[in-house]
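In: below: sequence and its predicted model.
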Amino acid sequence: MWRVKTIGALLLGLLLGLAVFSPALWAADYPKKPITYIIPFNPGGQSDLEARRQQPLLEKILGVSVVITYKAGGGGSVGWTELVNSPPDGYTIAGNNIPHIILQPLQRENAGYQTADLEPVALFQTTPIGLAVLKSAPFKTLGEFIAYAKENPGAITVAGSGTYTGHHLAYLQFQKLTNTKLTYVPFTGAAPQVTAFLGGHTMAIFGNSNDLVQHKDRIRILAIGSEERFAALPEVPTFKELGLDMTPSIDRGVCVPTGTPPERIKVLEKAFLTIAKDPEIQEKMISQGFVPKALGAEEFRAYIARKTDEYIEILKELGIE
Amino acid sequence: MLENFLFAVSQILSPANLLLLITGGIGGIIVGCLPGLTATMALALLVPFTFTMEATSGLIMLGGLYVGAMFGDAIPATLINTPGTPSAIATTFDGYPLAKKGLAQQALITNAFSSLCGGVIGTIVLLTLSPPLSELGLKFGPPEYFWMAIFGLTIIGTLASDSILKGFTAGALGLLLSTVGISPIAGDVRFTLGLPSLQAGIDLMVALIGFFCIPQILEMVETGAKEYHILQYRSERGIFWKTIRELVAKPVLLIRSALIGVGIGIIPGAGGNIASLVSYNEAVRWSKHPEEFGKGTLEGIAATESANCSVVQGSLIPMLTLGIPGSPAAAVILGALLLHGMRPGRELYTTFGDITHTFILSFFLGVVVMFILTSLGSKYFARMISVPFQYLVPAIVFLSIIGSYAIRNNLLDVTIMFLFGLGGYLLRKLGFHSGPLVLGLIMGPFAEQGLVQSLLIGKASGSVLKVMFGRPLSLVLIVLSIISILWPIVSAWRTRSVKEKKKEEEEYNSVEL
């Protein structure tokens, strides 16, 4: 009897040891239980919508349920703090938004996490930031806009969402490249920002491409931050075409806490990329005003590094950092 | 148009859609009932399920849920002094006193009927006046938000009728609490005590549970079983029609409240909580018996509930016509529309006219169904009060913990809730009311953002004064604020003069005799 128990215990120990030390077994074993997908924003936001779009497909691919939980606050920092304090076992993942995860640790004394604490998994969507004015505005082109800004420093008001955010950085970069001075008016989120702009309370807007596409009948988009011409707005020039070396954007992806086993990251990466490459999903994203992307973990990491350097430079020049 | 109309009616009345509407509605009532679970969260949970449905059916279910929550949130407000959603703050002012008097069922029937009125009026406005109203909504810029917040703060005068000074102290405390977290303008971190979780700021719902529910429980524990006997529910024959008759006699109150709700619903960011407080304030102002408010009057509940139900339709006006959600819940519905490939704007009224009209018209049926459900249920809900004290208190504490955690899945929120609960209890002992404090917490961010944005815009345009004081909508709000501040003084003077006249008359009469 005693013997049977010992053998049983030994076997159990062996199995456990195998489970812990064999990466191959880890991967085959994963995922076994529901995965928590943290959205660091409120329900109804774009990050939420994308996660809701992915949820049923993820469940189909991974074979386990995916539970979306909201941890909103601090522009996302509360959610990312929660993620980095979760066990790095691949069962807790979170939305990963650029530039938020780069700028918050740079600007805040204690954001609760560091950019390096978040391990990128995949990037699936980009929202180029565009500069627009109302149809009734006197500026027909970006050139005219810049000329007016030069003559009247500080007179042009630009609506943006938040401070030390994608919109704010786009504004800082634009001022630097064009040698102009504008007045940035921050709002808390896209809804109040777009309302203030459409109501003529500010003269211009640094807005997300999907908002600009939504209101394209009422507004004139002077330039957009995509690398190439943007599929949903083919008539709008890019900043680059107009001689301004800037590609402001907000990117959405997914990340896990640093220390998560690479085999598990691979499983997640594959699942997210399969969804991101689905032509039907890509088509829907384009019609709503987004640029579908499908960057794997490696490319995503390189992208974050590149953007970090870019932002540090802008902030340094302004003496902010 | 007529074609769309007929199609819509046939769609809504199909058994499958009717079932979805009722299911969504019941879900909404439950979510509304439980403090901490919001309509927004429930809607987001439902969105993936609507993928597999027809767009029409999905929207009908979402609409039912949204409306249901506005019916449900008054139930805990009345029975345990805790608003189920922030929209029902003002319902506690009169609902709980009524329950204490044993009139919980009347309060709940009032809730059902005035929500019905608000919903019907809101839907009529949504159906007929959406495009012009959404254009008007765009005129609401930063200076208007600032003045709206100031006007909102003048409501303290109504809420703290016993001591204006204590009211303003509590209001200032609320304003201070609203500054915790990431500052909305400069983006810096304020008063987080080094805790990363506090970057999220103080959630309104957590504060509501803390300041409204916990002090009530502590008081119940303090008075013990004595209090519990007062909270007996008394059943009465013919109570339903009696209450309805009483409400129907006040059409102005119901219509005014509904229109306030629609108006505030259109403004992004300003939702049911502000609408219901403003509507309550106006109800007190225009009432012939302002002294009865806060002590348990059906008028107070009617004003609040009519307004917070019509906010639902108000918040959909800019969403459907412009693609700007008037509330977080409307944002989720917008998301569902987009995922179904429908873009807000003209397209929604032309290409997708049939679906859009079905969605709008489903609100008519939705509010009627909710009305029937909540009126029928009122008798049973009201009995909950009679649950023995020793079971009721732990149950409420349990719900408070779950609710304050669920709102953001944040453990710190539970701690904050308890701290506020203790603080609220002490403040109440000192004669401070929680109402003004919560009002400060709601209005603080609007005042701060509106002011700084207006100053930035004013400086850029060359005249701060012109931006702050020179705009027509701002002027209206400024005048309203001044009236609101002076009103208590005027009405005090008026009642005094009436009393004096009476006294004089009495004296005169006594001389005659």
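Out: Here it is on my side, so go on.
In: tell me which residue in chain B sits closest to chain A.
Out: Of the residues in chain B, the one nearest chain A is residue B:200, at a distance of 2.2 Å by Cβ to the nearest Cβ. No exception for glycine: its C-beta is placed from N, CA and C like everyone else's.
In: how close does the residue found closest to residue B:449 once you drop the neighbours it is linked to in the chain get to residue B:148?
Out: Counting by Cβ to Cβ, 6 or more residues apart in numbering or on different chains, residue B:184 is the residue found nearest to residue B:449 once chain neighbours are left out, at 5.1 Å. Per Cβ to Cβ, to the nearest Å, residue B:184 is found 16 Å from residue B:148.
In: and for residue B:466?
Out: Taking Cβ to Cβ, one finds residue B:466 at 19 Å from residue B:148.
In: those two: which has the busier surroundings?
Out: More neighbours surround residue B:148 than the other of residue B:466 and residue B:148, with 26 against 12 (other Cβ atoms under 10 Å in any protein chain shown).
In: can you point out the buried residues in the helix or strand harbouring the more buried one?
Out: Secondary structure assigned from DSSP states H and E places residue B:148 in helix B:142-153. If you call a residue buried by 16 or more other Cβ atoms under 10 Å in any protein chain shown, then helix B:142-153 has these buried ones: B:142-153.
In: mind putting those in CSV, distance to residue B:323 and pLDDT included?
Out: Formatted as CSV, the entries for the buried residues of helix B:142-153 read as follows, by distance: Cβ to Cβ, whole Å; pLDDT from 0 to 100:
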residue, distance to residue B:323, pLDDT
B:142, 21, 95
B:143, 24, 96
B:144, 21, 95
B:145, 20, 94
B:146, 25, 96
B:147, 26, 96
B:148, 23, 94
B:149, 26, 94
B:150, 30, 95
B:151, 28, 93
B:152, 27, 92
B:153, 31, 93
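In: quick check: which of those residues are also close to chain A?
Out: With Cβ under 8 Å from any Cβ of the partner chain as the criterion, the buried residues of helix B:142-153 include residue B:142 near chain A.
In: in the chain, which spans are strands?
Out: In the absence of a named chain, chain A is used. Applying DSSP state E to chain A gives strands spanning A:35-39, A:66-70, A:92-98, A:118-134, A:157-161, A:183-187, A:204-208, A:219-224, A:249-257, A:291-295.
In: chain B was what I was after
Out: Under DSSP E, chain B gives strands at B:181-182, B:189-190.
In: packed most tightly, which of the ones you listed would that be?
Out: Of all these, strand B:181-182 has the most neighbours on average by mean count of other Cβ atoms under 10 Å in any protein chain shown, namely a mean of 24.
In: I figured residue B:121 hits residue B:310, correct?
Out: Yes: contact criterion Cβ atoms under 8 Å: residue B:121 and residue B:310 qualify, at 5.8 Å.
In: who touches both of those two?
Out: Residues touching both residue B:121 and residue B:310 comprise B:258-259, B:262, with contact defined as Cβ atoms under 8 Å, 6 or more residues apart in numbering or on different chains.
In: so which of these wins on neighbours?
Out: residue B:258 (32 neighbours).
In: could I get the contacting residues of the nearest residue to that residue once chain neighbours are set aside?
Out: When the adjacent residues along the chain are set aside, residue B:258 lies closest to residue B:121, with 3.8 Å between them (Cβ to Cβ, 6+ apart). For residue B:121, the contact set (Cβ under 8 Å, 6+ apart) comprises B:254-255, B:258-259, B:262, B:306, B:310.
In: quick check: phi and psi at the nearest residue to residue B:96 once chain neighbours are set aside.
Out: Closest residue in space to residue B:96, ignoring its immediate chain neighbours: residue B:81 at 4.2 Å, by Cβ to Cβ, 6+ apart. Backbone geometry at residue B:81, expressed as degrees, to the nearest 10, gives phi 60, psi 20.
In: against residue B:88, how distant is residue B:81?
Out: If you measure residue B:81 against residue B:88 using Cβ to Cβ, the figure is 11 Å.
In: so where is chain A shaky, pLDDT-wise?
Out: Along chain A, the parts satisfying pLDDT under 70 run over A:1-28, A:320-321.
In: just give the number of residues close to the residue nearest to residue A:277 when sequence neighbours are not counted.
Out: Ranked by Cβ to Cβ, 6+ apart and with sequence neighbours excluded, the top spatial neighbour of residue A:277 is residue A:294, at 5.1 Å. Here the neighbour count serves as a burial measure; for residue A:294 (other Cβ under 10 Å) it reads 17.
In: how about the residues of the stretch 1-150 of chain A near chain B?
Out: Near chain B, the residues belonging to the stretch 1-150 of chain A are A:42-45, A:48-49, A:52-53, A:55-56, A:68-75, A:77-78, A:81-82, A:107-113 when assessed by Cβ under 8 Å from any Cβ.
In: picking up where we left off before, residue A:188 is in contact with the residue nearest to residue B:449, correct?
Out: Yes: with contact taken as Cβ under 8 Å, residue B:184 and residue A:188 are classed as touching, separated by 5.0 Å.
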